[in-house]
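Chemist: I'll drop the sequence and a predicted model, then ask my questions.
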Protein chains: 2
Amino acid sequence: MSQPKGSKGKVTIIEIADAAGVSKSTVSLVLTGRGAVKPETRQHVLQTMDRLGYVYNRGAANLRNAQSRIVGLVLNDLSNPFFAEFAIGVEKVLQMAGYVAFMANTAESVVRQEQVMRMMREHGAGGIILCPALDTRPEHLDWVRAAGTALLVAIRRLPGADTSVVVPENLAGASRVTRHLINLGHERIAFLGGMHSMVVRQERHGGFLSAMEEAGCRVDPALNLESMPTRDGGFGAMSAVLSLADRPTAVVCYNDVTAIGAMLAAARHGLVVGRDIAIVGFDDTSEARHVSPALTTVAVDPVGLGERAAALLLKQIADPAAEPESFIGPAHLVIRESCGAYQRALAAAG
Amino acid sequence: MSQPKGSKGKVTIIEIADAAGVSKSTVSLVLTGRGAVKPETRQHVLQTMDRLGYVYNRGAANLRNAQSRIVGLVLNDLSNPFFAEFAIGVEKVLQMAGYVAFMANTAESVVRQEQVMRMMREHGAGGIILCPALDTRPEHLDWVRAAGTALLVAIRRLPGADTSVVVPENLAGASRVTRHLINLGHERIAFLGGMHSMVVRQERHGGFLSAMEEAGCRVDPALNLESMPTRDGGFGAMSAVLSLADRPTAVVCYNDVTAIGAMLAAARHGLVVGRDIAIVGFDDTSEARHVSPALTTVAVDPVGLGERAAALLLKQIADPAAEPESFIGPAHLVIRESCGAYQRALAAAG
DNA sequence: TTTCTTTGTTGGAACGTTCCAATAAATTCG
DNA sequence: CGAATTTATTGGAACGTTCCAACAAAGAAA
């Protein structure tokens, strides 16, 4: 319906003003809704804008009042469904607050990360939610906050950076699921997946260790295997574990993705997961529920974490002077089939 | 290292100029790298910028030359790994061209879609790659192109919108995988998943039909089931199919996600997929390879489609007058285990 | 030497918006 | 009725950048 004006020349507020027979100031008032403007005038201006195909130029507007109502969401690994779910939570809250999230994927590259964060800042993002790439050092982030951009670190805590933080209760969660395996009678338990340089792994492995020690189980260093936190990584690590002379009877995996890889490896070795060996994950992504046998795991509610992260960031944008705040999301055990609890209950009953 | 200047007042090009003892024009030349500036001066200016914690204001710059080097990527469903992989391809190419992709997720909501596209345009995005939400009508997109923003529609073709398009070869792919099942001896084949209003489903189902007809197989309307294109949708539809008196021996699924849901349903009904029933998918997301039994599917190379989409968009940004261009990505059959071809070969050999 | 180019640098005028102070018209108050 | 207030509208000065024309200094060519 709206005929684009001249060749490529953008339609500005002034052309609208001329066409509608008012001043540019009046058009601006209509646009921002701030001052008092006669209803009929407003209507007329709005119609004119529509007729000429006007596009609001936010860059020009931000020149005066730096309120751009966008926030950046920087993700380290979009191919991991966990982060996709996290992103969905973030978007939900931001949208309700009238903000828009612009996402970018760093694919674990710190240089890419710096690039996109700089771009977001240059475009006047009010804040950034960062799921840091693997070797992000806290001092890499100083420049962001220097210019007054709110920053929140999510999922991977960054020791030494005093920003707001939203992470799940990794230690307690891991300890909880390990205890569950111990209660099922397992003693020889492996911890599998993730690289030891990752803070998240350190926390989860710490929880594993504390549960083991508390129960008086021996921790065999040969049963602590690193891998990339991918399905292939889990597959490889599990294969390695299964080639040991003295196999574990249960495996705690770094996250769901590696756990699913591990399950596959176990199946390839002729083991029935949940009967011959127990495998548990961490995160409770939607895959965990759908895989077969269904994965026992620790639910950290990625969507909820995203919502919380967004809410915290908005708070910080509203009051930049406020102290950084942390949120440690609850992690609760979700018992399904892969740990064998179900079969054990059946046997006990029968 | 860089001490942020005064309280919150942003550092501008003029303050840099004053501090460095040059004019703002010189600073601008350093920033854009356009004119000739003495190396020592450039160094000095750069140092000063670093020292004062300068942030480039892209909004102000765009006011003069509308070259923002960002493009928008609008995804309809981030929780589907297919789109995550597509996004990764897009980002790869854009990055190499010095562009940055800002993604947004519409979650199949047209109003959200309009909102984010408007926001992207207001921020001066040079182009937008759109994977349209479900009930997007072509006329919804007129306003985007009116203002000279390049637009490319991906994955879901939008009949009636004359934009560049990047989609996979849905019809041929579906026909190919159906023929494969027929060659394995199947005659009673179901088509399952997706809603009939989806163009992609129409194309894939069309391919299915043509292969069936060509082979002289009867097409039973009772074996054409819609569902949401999710795992749960596939699960439900498959359960429905399995409760029929006259079950199919093979199932072509709308995509991998529904196929995986269908596999799960089959397993729950006590069927061994690949032996008792054949199930095939479409897309070849990384899940297809990892599920057990591995999924026979049609590879459309989402990453490659993303790369192609980005390349085409860049071309269109460079030459806005150019005709819209289409790319139909190849779809080739990937035979794994879920169709039973492997078992059949074994039997023939043994 | 003088003239012509090249190299660096510069002030000022845009760009499209918002805000402020000023004004005109309409309304309320004493 | 005049004064005070409110309502509706307006021109002009920012905002931070880029571009253009101008210019000074230094080399090259005559």
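Modeler: Perfect, thanks for sending it.
Chemist: could you use CA atoms for every contact and neighbour count after this?
Modeler: Noted.
Chemist: tell me, how many residues neighbour A:Leu346?
Modeler: Number of residues near A:Leu346 (other Cα atoms under 10 Å in any protein chain shown) recorded here: 10.
Chemist: meant to ask about A:Ala222
Modeler: Counted by other Cα under 10 Å, the residues lying close to A:Ala222 total 11.
Chemist: relative to DNA strand D, how far out is it?
Modeler: 56 Å (Cα to the nearest atom of the strand, to the nearest Å).
Chemist: what does A:Ser243 give?
Modeler: 60 Å.
Chemist: can you check the pLDDT for the nearest residue to A:Phe282 once chain neighbours are set aside?
Modeler: Spatial nearest neighbour of A:Phe282, excluding adjacent residues (Cα to Cα, 6 or more residues apart in numbering or on different chains): A:Asn255 at 4.2 Å. A:Asn255 carries a pLDDT score of 96 in this model.
Chemist: in contact with A:Asn255, which residues?
Modeler: A:Gly193, A:Pro229, A:Gly281, A:Phe282, A:Asp283 (Cα atoms under 8 Å, 6 or more residues apart in numbering or on different chains).
Chemist: in CSV, list those along with pLDDT, distance to DNA strand C and secondary structure.
Modeler: Listed next are those as CSV, based on pLDDT from 0 to 100; distance: Cα to the nearest atom of the strand, whole Å; DSSP: H, G, I helix; E, B strand; the rest coil:
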residue, pLDDT, distance to DNA strand C, secondary structure
A:Gly193, 97, 51, coil
A:Pro229, 91, 46, coil
A:Gly281, 98, 50, coil
A:Phe282, 97, 47, coil
A:Asp283, 96, 43, strand
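Chemist: by neighbours, which of the residues you listed wins?
Modeler: Comparing those by number of neighbours (other Cα under 10 Å), A:Gly193 comes first, having 31 neighbours.
Chemist: next, work out how far apart that residue and A:Val241 are.
Modeler: Separation of A:Gly193 from A:Val241 (Cα to Cα, to the nearest Å) stands at 11 Å.
Chemist: please apply the same query to A:Ile277.
Modeler: In terms of Cα to Cα, A:Ile277 sits 12 Å off from A:Val241.
Chemist: which one of these two has more residues nearby?
Modeler: Legend: neighbour count by other Cα under 10 Å for A:Ile277 and A:Val241, higher for A:Val241 (24 against 19).
Chemist: quick check: the more buried one touching A:Glu226?
Modeler: No - checked against Cα atoms under 8 Å, the pair A:Val241 and A:Glu226 is beyond contact range at 11.0 Å.
Chemist: what's the distance between A:Thr258 and A:Arg204?
Modeler: 14 Å.
Chemist: just A:Ala97 next, same as before
Modeler: Counting by Cα to Cα, the gap from A:Ala97 to A:Arg204 is 34 Å.
Chemist: between those two, which one's more packed in?
Modeler: Neighbours were counted for A:Ala97 and for A:Arg204 using other Cα under 10 Å; A:Arg204 has more, 25 against 13.
Chemist: am I right that the more buried one is in a helix?
Modeler: Yes - under DSSP: H, G, I helix; E, B strand; the rest coil, A:Arg204 sits within a helix.
Chemist: can you read off the pLDDT for it?
Modeler: 98.
Chemist: that one: what's it in contact with?
Modeler: A:Asn170, A:Leu171, A:Ala172, A:Gly173, A:Ala174, A:Ser175, A:Tyr254.
Chemist: most neighbours, which of those?
Modeler: Busiest of the contacts of A:Arg204 [other Cα under 10 Å] is A:Ala174, holding 32 neighbours.
Chemist: show me what contacts that one?
Modeler: A:Arg204, A:His205, A:Gly206, A:Gly207, A:Phe208, A:Phe282, A:Val298.
Chemist: burial check on the second one, number of neighbours?
Modeler: Burial of A:His205, expressed as a neighbour count using other Cα under 10 Å, amounts to 25.
Chemist: thinking it is in contact with A:Leu192, fair?
Modeler: No - using Cα under 8 Å, A:His205 makes no contact with A:Leu192, being 9.1 Å away.
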